[in-house]
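>>> need the 3D shape of this:
(4 chains)
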Number of protein chains: 2
Amino acid sequence: MNLENTKAQMRKGILEYCILSMLSDKEAYASELIRALKEAKLLVVEGTIYPLLTRLKNEGLLTYRWEESTGGPPRKYYLVTPLGSKFLTELDNTWNDLVGSVNKLTGKGQG
Amino acid sequence: MNLENTKAQMRKGILEYCILSMLSDKEAYASELIRALKEAKLLVVEGTIYPLLTRLKNEGLLTYRWEESTGGPPRKYYLVTPLGSKFLTELDNTWNDLVGSVNKLTGKGQG
DNA sequence: TTATAGTACTTTGCATAGCATGGTACTATT
DNA sequence: AATAGTACCATGCTATGCAAAGTACTATAA
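Below you'll find the model as predicted:
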């Protein structure tokens, strides 16, 4: 049995929520997001986050602007669109429901 | 954008935790589990739960016994093995860490 | 100039798990 | 015999996280 794999599965679908939420506070570029996610003990790699950002942009939930960097290649600063903000509200509810359901089933709630 | 799909993704990997936890309290068969999960607002269908139970059994986390039913086909009653119980403890920690991480990133925690 | 290192963005292919769908088998009712 | 309800099982699809490799820009060192 592989605990790491199970952990990875638990993270699935939650990254999308976290990233939308992070970008609703202030814009950021991918490497910044990766650092923040790692600090929060959520392991994320480039191959995960770049396709995810592109997908959210194509769906109209995010937009971005280029910004030159003094010490490296230019950066893509992403931010949430009005549609993304609306979707984030629904994800907030979804997440809260999910936590409630799991806590109930695992006996932490009123279960 | 498809909210239902995102919800399904969020559920990924969490079912395994929920089912192990439910079966650590008392044994149950698949249809019982489905009913309980639906009551807790976690949408689950047969095509999801049967392969999952088989997988957990093959990994030694669950075992089962047959029991005849008066009004239908026999039932497979699953229960958690000692190995499954040990694994469940780790999933408890994983889940708590995940909730902490998400709440921190989405600004519900200490920010 | 050339080479190396650091940063940032991109793409490809794989493994996994949830799900839709259809099927089998047992019992009870009509 | 036919239908309905319950329970278990198998197949194929899809989406996502991830490993790995690649591209491009800047700064530093030889």
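>>> quick one: the residue positioned nearest the centre of chain A from B:Leu3, how far?
What sits nearest the mean C-alpha location of chain A, by C-alpha atoms, centre = their mean, is A:Ile19, with 2.6 Å. According to C-beta to C-beta, to the nearest Å, A:Ile19 and B:Leu3 sit 16 Å apart. In short, each C-beta sits where N, CA and C put it, glycine included.
>>> how about the residues of chain A by DNA strand D?
Contact residues (C-beta under 7 Å from any atom of the strand) of chain A with DNA strand D: A:8, A:11-16, A:43-48, A:51-52, A:55, A:69-74.
>>> of these, just the buried ones, ChimeraX syntax please.
If you want just the buried ones from these in ChimeraX, going by 16 or more other C-beta atoms under 10 Å in any protein chain shown, the selection is:
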select /A:11,13,14,15,16,44,52
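>>> tell me, which of the residues of chain A next to DNA strand D make contact with DNA strand C?
Those of the residues of chain A next to DNA strand D which are also neighbours of DNA strand C are A:46-47, A:51, A:69, A:71-74, as judged by C-beta under 7 Å from any atom of the strand.
>>> least confident secondary structure element in chain A?
Of the helices and strands making up chain A, the lowest-confidence element is helix A:3-11, at a mean of 83, by mean pLDDT, DSSP states H and E.
>>> okay, the angle between that one and helix B:3-11?
Interaxial angle of helix A:3-11 relative to helix B:3-11 (axes from the mean of the first three to the mean of the last three C-alpha atoms, to 10 degrees): 150 degrees.
>>> may I see the buried residues of helix A:3-11?
When neighbours are counted by 16+ other C-beta under 10 Å, the buried residues of helix A:3-11 are found to be A:6-7, A:9-11.
>>> is there proximity between the longest helix along chain A and chain B?
The helix of greatest length in chain A, counted in residues with DSSP state H as the criterion, is given as helix A:82-105. Yes. On the criterion C-beta under 8 Å from any C-beta of the partner chain, helix A:82-105 is in touch with chain B at A:83, A:87, A:90-92, A:94-95, A:97-102, A:104-105.
>>> list the buried residues for that helix?
Residues of helix A:82-105 classed as buried by neighbour count (16+ other C-beta under 10 Å): A:84, A:87-88, A:91, A:94-95, A:98-99, A:101-105.
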